[in-house]
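S.K.: Just the structure for this:
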Amino acid sequence: MLNANGEILIGACYIDNENTRKKQELSYQKMGITVITDAKDSFTATKERFWSQRFTKGKINSYFEFVKKEKISFTPLDPYNYAMQIRIKK
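M.R.: Now for the predicted structure:
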């Protein structure tokens with residue numbers, strides 16, 4: 001989304017780490033959904049076609065390699081290293 005300040009705001013992104021992966025898997029399992037991915041994947045996918053991608057700062061920087069790194073900021077959304085907000089300035 002491009003806001004009034006000329007920024008793209010990516011509201012909430014899961015952070016790619018072991019703790020987040022385990023929380024995603026547990027959440028799906030509690031709902032009776034079958035997880036089909038494992039620890040080597042940077043996303044959690046299910047047999048029922050649900051999918052949750054996780055990101056690192058490096059991965060975001062590589063996706064937006066045409067943007068100077070100083071124009072991309074990362075804001076933690078919780079104290080657990082679970083999710084972050086990403087802002088990309090013009």
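S.K.: Give me the buried positions along the helix or strand of the chain with the lowest mean pLDDT.
M.R.: One helix or strand of the chain scores below all others by mean pLDDT, DSSP states H and E: strand 7-15, with a mean of 92. Residues of strand 7-15 classed as buried by neighbour count (16 or more other CB atoms under 10 Å): Ile8, Cys13, Tyr14, Ile15. From N, CA and C alone the C-beta is placed, and that goes for glycine too.
S.K.: Ok, stretch 57-73 next?
M.R.: Result for stretch 57-73 [16+ other CB under 10 Å]: buried residues Ile60, Ile72.
S.K.: could you give the mean pLDDT of it?
M.R.: Mean pLDDT, computed over stretch 57-73, is 95.
S.K.: got a list of contacts for that stretch?
M.R.: Contact partners of stretch 57-73, identified using CB atoms under 8 Å, 6 or more residues apart in numbering, comprise Cys13, Asp16, Ser42, Phe74, Ile86, Arg87, Ile88, Lys89, Lys90.
S.K.: Could you find the closest non-adjacent residue to Gln24?
M.R.: Thr44 (4.2 Å; CB to CB, 6 or more residues apart in numbering).
S.K.: Test my guess that that neighbour contacts Trp51.
M.R.: Yes: Thr44 lies in contact with Trp51 (CB atoms under 8 Å); the separation is 7.2 Å.
S.K.: Which one of those two is surrounded by more residues?
M.R.: Taking neighbours as other CB atoms under 10 Å, Thr44 and Trp51 compare with Thr44 leading, 24 against 10.
S.K.: show me where this structure has helices.
M.R.: 18-30, 57-63 (DSSP state H).
S.K.: okay, the ones you listed in a markdown table with distance to Lys69 next?
M.R.: Shown next, in a markdown table, are those (distance: least, CB to CB, whole Å):
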| stretch | distance to Lys69 |
| --- | --- |
| helix 18-30 | 23 |
| helix 57-63 | 6 |
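S.K.: Tyr80 is nearest to which of those?
M.R.: Minimum separation from Tyr80 across the helices of the chain (CB to CB) falls at helix 18-30, 7.0 Å.
S.K.: Out of the buried residues of strand 7-15, flag the one nearest to Thr56.
M.R.: Nearest member of the buried residues of strand 7-15 to Thr56, counting by CB to CB, is Ile15, at 7.3 Å.
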